[in-house]
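Peer 1: test case, fold it:
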Amino acid sequence: MLQIYAPEGHWESLPEEARAALYEEYFALDRELGARGALVGSHELEPATTATSVRVRGGETLVADGPFAETKEQLGGYYVIEAESLDDAIEWAARIPSARHGTIEVRPVVMREEAA
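Peer 2: Numbering: from 1, shown residues only. Prediction:
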């Protein structure tokens, strides 16, 4: 999984033309991942301000607005890809436009047969 983290508010601070250009870069990356059979799924997420955190403590469900952790960068979207190696995944991660102003976390997905 390639998790896309960016500074909160960065996307909104860009001029409309810059956002449109970045979207085009994302769409091109989507097309290439798809053409190579590497794309499993991807989604852009709504801003962290729309998040709801759920925890269960002592049998009680606790619900709070927003993300649980206060951080400078927020999870803004993700790609799930098929990669032959960590190096392959890193190459794809480096091509994500947000890598230029944020962080792309590369993390293997646990695959369990009973879940399939």
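
Peer 1: now the helices for the protein?
Peer 2: Counting by DSSP state H, the chain has helices at residues 10-13, 16-35, 86-94.

Peer 1: give me the angle between the second one and helix 86-94.
Peer 2: Just to be clear, that refers to helix 16-35. Per axes from the mean of the first three to the mean of the last three CA atoms, to 10 degrees, the angle that helix 16-35 makes with helix 86-94 is 150 degrees.

Peer 1: use 326 as the first number for this chain going forward.
Peer 2: Will do, 326 is the new start, and the previous item becomes helix 341-360.

Peer 1: pLDDT of helix 341-360, averaged?
Peer 2: Average pLDDT, helix 341-360: 95.

Peer 1: who are the packing partners of that helix?
Peer 2: The contact analysis (3 or more CB pairs under 8 Å, 6 or more residues apart in numbering; DSSP states H and E) places helix 341-360 against strand 364-369. The C-beta positions use only the backbone N, C-alpha and C, and glycine is treated the same way.
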